[in-house]
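Student: Sharing a sequence plus its predicted fold:
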2 protein chains.
Amino acid sequence: MTHPLFTKHEDTLQKALTAVETRGYWSPFVEMPSPKVYGETANADGEAAFKALLNTTFDLDQPSTGETVGAEISPFGFPLGVRYPKADPDSLIAAAAAAQRDWRAAGPQAWIGVCLEILARVNRASFEIGYSVMHTTGQAFMMAFQAGGPHAQDRALEAVVYAWDQLRRIPADAHWEKPQGKNPPLAMRKRYTVVSRGTGLVLGCCTFPTWNGYPGLFADLATGNTVIVKPHPGAILPLALTVRIARDVLREAGFDPNVVTLLATEPNDGALVQNLALRPEIKLIDFTGSSQNGTWLERNAHQAQVYTEKAGVNQIVIDSVDDIKAAARNIAFSLALYSGQMCTAPQNIYIPRDGIRTAEGIVGFDEVAQAIAAAVQKLVAEPARAVELLGAIQNEGVTQRIDEATKLGRVLVESQTLEHPAFAGARVRTPLVLQLDAANDHAQFTKEWFGPISFVIATDSTAQSLDLAGAIAAEHGALTLSVYSTNEAVLEDAHEASIRGGVALSINLTGGVFVNQSAAFSDFHGTGANPAANAALADAAFVANRFRVVQSRVHVEPKAAPAVAG
Amino acid sequence: MTHPLFTKHEDTLQKALTAVETRGYWSPFVEMPSPKVYGETANADGEAAFKALLNTTFDLDQPSTGETVGAEISPFGFPLGVRYPKADPDSLIAAAAAAQRDWRAAGPQAWIGVCLEILARVNRASFEIGYSVMHTTGQAFMMAFQAGGPHAQDRALEAVVYAWDQLRRIPADAHWEKPQGKNPPLAMRKRYTVVSRGTGLVLGCCTFPTWNGYPGLFADLATGNTVIVKPHPGAILPLALTVRIARDVLREAGFDPNVVTLLATEPNDGALVQNLALRPEIKLIDFTGSSQNGTWLERNAHQAQVYTEKAGVNQIVIDSVDDIKAAARNIAFSLALYSGQMCTAPQNIYIPRDGIRTAEGIVGFDEVAQAIAAAVQKLVAEPARAVELLGAIQNEGVTQRIDEATKLGRVLVESQTLEHPAFAGARVRTPLVLQLDAANDHAQFTKEWFGPISFVIATDSTAQSLDLAGAIAAEHGALTLSVYSTNEAVLEDAHEASIRGGVALSINLTGGVFVNQSAAFSDFHGTGANPAANAALADAAFVANRFRVVQSRVHVEPKAAPAVAG
């Protein structure tokens, strides 16, 4: 009765199970866009496939009104011109309900097998998806390929394996036999049926449509639910490609492809989303986006299990370092990577106003601030190199926020507009770094300034820095906290602050790992323990409530003889 | 580093882990009030201990205003006269916060060990707790002992073992090492800290204070949370005894006993509970009670994870039987047991108006209805025997509901007032059975009539019966569904109806198992898939979101050599 797609991918599944238990390094999807792995012509083919999609109607055989929608514009300076079949939410809900019965009845091994086959095919489309991520999010190609391709696939597989880890614990049946002393035992056969919740709604974001969208999509599918994928209107294409692959696999495996559908929309789709999110048929919602929208869902979509990732204030505490330049280089890279448009990018950098200890003695506050400023300036000094790190700014809201933030304090590094050597109209801005003071600027640095905006903040002491870090994470949310210290007691205090703030801690990053990065199967992304997210990617809590168990019981003949009277 | 209480109870824990995986019969707590197990004088000692509590102030060394509260009245006809230390919710929240830090830091093995030690001692107090359950809930002694003692302890242990099953999957640390081609690998040590949510609030009910209260209490404790136990004002004593034992164990194990506190209240404590339930410090709420209050918590206590068990409409579908008398006996017992005041007791019994097939041919609707009526009458014909099954009515609201229900339709069995041979003032009422019609009485039988009230309902066919059963469970909630049929196709349809309704199904119960009964480690109590409960007792989803994981990571020396250039 094992599903052939389950058998086909069982080896990967077993390795993934071991990986989430031991949490060492593991990835089945190769992150380097290597011709040896993906094929000699994979890059060129993927780019050509992406270009062939431009200014056409996206081919997707699902319920549609017959009209088309779509208004994506590449942050690198041109409209994509892709039009998607317009769908009526009512039709998608009805189609999902019709697809549900056979899908639910297929059971866990079929759900898992289909998910793993979808992922294998999505992996093969990594270049096409990579270019589509690049030209919707503004990520430079290397990041778009890695984060939008293999790393997103890793996170999806992680959700699938967590689902399987829970599903496999539910026995299909059991023999229950209760002794009754001298009388024959009571014996029953029990049957346990995993029942999916119904239809899930995945609400994508415009910066990491696949990385943030896949975990909910695959967690829903892996637990037998149907899914409506509603991408951000600014980043539809990567999820449209994914949905098309998923539908192909479902169809080939004998299922109604409407198990997964796409709801493409025009910008300003807030009312449509709110109406859909409250529909009684929608039992699961996965959301990445603003705190306002995420909190609205948490407080209003009572009929659904709601998983949110929202805004936060990521922080760095500098107490002491051996090599300030190495620390500054690492920090500057974190600020510049994708122009600070990662949900994990640092914003607040706390430095005691009396300076810090280094291997070369005390270094003053201004000198530390200047070291960071210099490292940022060096990273973006050469535009052709810089744009491969910065990418482009996703939308005008971010550039406006940079301009607004410039007025907040003393400017340590100005945000400059760069010309992109390959894309004339690209929206490229270098990071803005400001100096603030913990004593005066609390109202400003306790909120998220999404984009390439960071604050070097003078504090009275490392103790104050850690107090701020823990309290701000707990109250305003945070996905990352970073600390630099050569003092074990301070590191222990930082650990305590991270516990108070419910935020993941990185210690003394000066090499090739950056605080923004989170590795599937090893790093939990988000904790669910502060307002930045009500769930972690991924853990048991992310999947265990996406399905339920319905049992039946009936008397059978006992296996044991009654006890001999004693 | 293993906690001694963990070591002491590890064998029980391992057996419980096996039990929840295989779901056969298992129980570590003996359900028979046997002198051989509990001691020759255990019953007498327990009753004496209970009586010694009457008309005294309950000894509980926790933050108090210095005043006392308490107005419990035994359904068997006398006021308990027990006064409890009055506590200010602010003080209990502050005390829980103060106790939290050391308790959280102690870690999973200490939490589990302490829980198991508390349970072992609660088990030894089963007689005292049994009498206190009897004289608060109105259960006859045997049920009060079993359901309030060993069976409640089983459900508590089940929650603890599910918690451990999730906690043990979080490694304390990991070595992560990512190859970098010809360069040395990136290597990090990662540390994973289980972080409890904070303070849990357990809101008890007046019919099964321990059975329904323990799972949340022990799930919270087992995941490192502190807990405020707020019993129903009508059934404080069983939970007060439990809290006192828990505090003793905590104190002896070196913890602040305010990890668990009692909030005893006077009747009409709704406003107090609502204020407390919205406090930001309350991160977990476990509630058993009315749909109105449960839904209010689900919709308003956004700062907390909320687990509810609410009202529902339990149903029996009779299609065909070999032996109608055996079926009727089993059904009658289910209606009479604790006067239908179990959340699992059946209410609606659907019978086709054209009658049913039996081994002796077609039996008409009236004859089936009469068989059930006769079986009920026989069960309660002898008052001295009847009261050991019926117990007493918990409160006047239930007796008023019986009187109100009498007007709903044709009375098949009248509810009679019985004199209790041992307790002159006991509030004893026999079950009321009415005849309704699916065509006319939909508005009446789609709501819960809590108490000894049931309806024999004429339907057009078994197909209509099953449609009603599935739809009513899905819309109004249900914890149990029972079907009688000798036809495999009907049983398959019943299975589908149970899936649609998200309700556990019992098939052809004619012997020593009753639909009201649910066995820990084997039967999931509730599904979380219909409005009767948003969680099941117990499963991974019941525990996995009561804690979070906060990680840290720091570079270490790689263990592997860099790859040789190829």
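Tutor: Cool, the structure landed.
Student: Walk me through the domains of chain A.
Tutor: Domain segmentation of chain A under automatic domain parsing yields A:39-311+A:538-550, A:315-507.
Student: Which of the ones you listed sits closest to B:Gly451?
Tutor: Of all those, it is domain A:39-311+A:538-550 that lies closest to B:Gly451, at 26.9 Å by C-beta to C-beta. For glycine as for every other residue, the C-beta is placed from the backbone atoms N, C-alpha and C.
Student: Would you format the domains of chain A as JSON lines with distance to chain B and mean neighbour count included?
Tutor: As requested, these are arranged in JSON lines below (distance: least, C-beta to the nearest C-beta, whole Å; neighbours: other C-beta atoms under 10 Å in any protein chain shown):
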{"stretch": "domain A:39-311+A:538-550", "distance to chain B": "4", "mean neighbour count": "21"}
{"stretch": "domain A:315-507", "distance to chain B": "4", "mean neighbour count": "20"}
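Student: could you point out the longest strand in chain A?
Tutor: strand A:183-196 (DSSP state E).
Student: Not including adjacent chain positions, what is the nearest residue to the residue in the stretch 1-150 of chain A that chain B sits nearest to?
Tutor: As assessed by C-beta to the nearest C-beta, chain B sits closest to A:Arg23 within the stretch 1-150 of chain A, at 3.9 Å. Excluding its sequence neighbours, the residue lying closest to A:Arg23 (C-beta to C-beta, 6 or more residues apart in numbering or on different chains) is B:Ala174, at 3.9 Å.
Student: wait, A:Lys378 sits on A:Ala332?
Tutor: Yes - using C-beta atoms under 8 Å, A:Lys378 is in contact with A:Ala332, at 7.5 Å.
Student: Kindly provide the distance from A:Val515 to chain B.
Tutor: Noted for A:Val515: a distance of 10 Å to chain B, by C-beta to the nearest C-beta, to the nearest Å.
Student: What is the neighbour count of that residue?
Tutor: 27 (other C-beta atoms under 10 Å in any protein chain shown).
Student: Which secondary structure element is home to it?
Tutor: Per DSSP states H and E, A:Val515 falls between elements, in no helix or strand.
Student: what separates it from A:Phe333, distance-wise?
Tutor: 10 Å (C-beta to C-beta, to the nearest Å).
Student: still on that earlier bit, CA atoms of the longest strand of chain A as CSV?
Tutor: Presented in CSV, the C-alpha positions along strand A:183-196 are these (Å, rounded to 0.1, in the frame of the first residue of the first chain):
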residue,chain,number,x,y,z
ASN,A,183,-14.0,-12.8,33.1
PRO,A,184,-12.9,-12.7,29.5
PRO,A,185,-11.0,-9.5,28.7
LEU,A,186,-12.7,-6.6,26.9
ALA,A,187,-11.1,-6.4,23.5
MET,A,188,-11.5,-3.8,20.8
ARG,A,189,-10.1,-3.0,17.4
LYS,A,190,-9.4,0.7,17.0
ARG,A,191,-8.9,2.5,13.8
TYR,A,192,-7.2,5.9,13.6
THR,A,193,-7.8,8.1,10.5
VAL,A,194,-5.7,11.2,9.9
VAL,A,195,-8.1,13.9,8.9
SER,A,196,-6.9,17.1,7.3
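Student: Can you give the strand pairings for that strand, parallel or anti for each?
Tutor: strand A:173-180 (antiparallel), strand A:547-555 (antiparallel) (DSSP bridges).
Student: CA atoms of the last one as PDB?
Tutor: Written as PDB, here are the backbone C-alpha positions of strand A:547-555 (Å, rounded to 0.1, in the frame of the first residue of the first chain):
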ATOM      1  CA  PHE A 547      -4.300  17.600  10.900                       C
ATOM      2  CA  ARG A 548      -6.500  15.800  13.400                       C
ATOM      3  CA  VAL A 549      -7.200  12.200  14.200                       C
ATOM      4  CA  VAL A 550     -10.700  10.600  14.100                       C
ATOM      5  CA  GLN A 551     -10.900   7.200  15.600                       C
ATOM      6  CA  SER A 552     -13.400   4.300  15.500                       C
ATOM      7  CA  ARG A 553     -13.600   1.300  17.800                       C
ATOM      8  CA  VAL A 554     -15.400  -2.000  17.600                       C
ATOM      9  CA  HIS A 555     -15.400  -5.100  19.800                       C
END
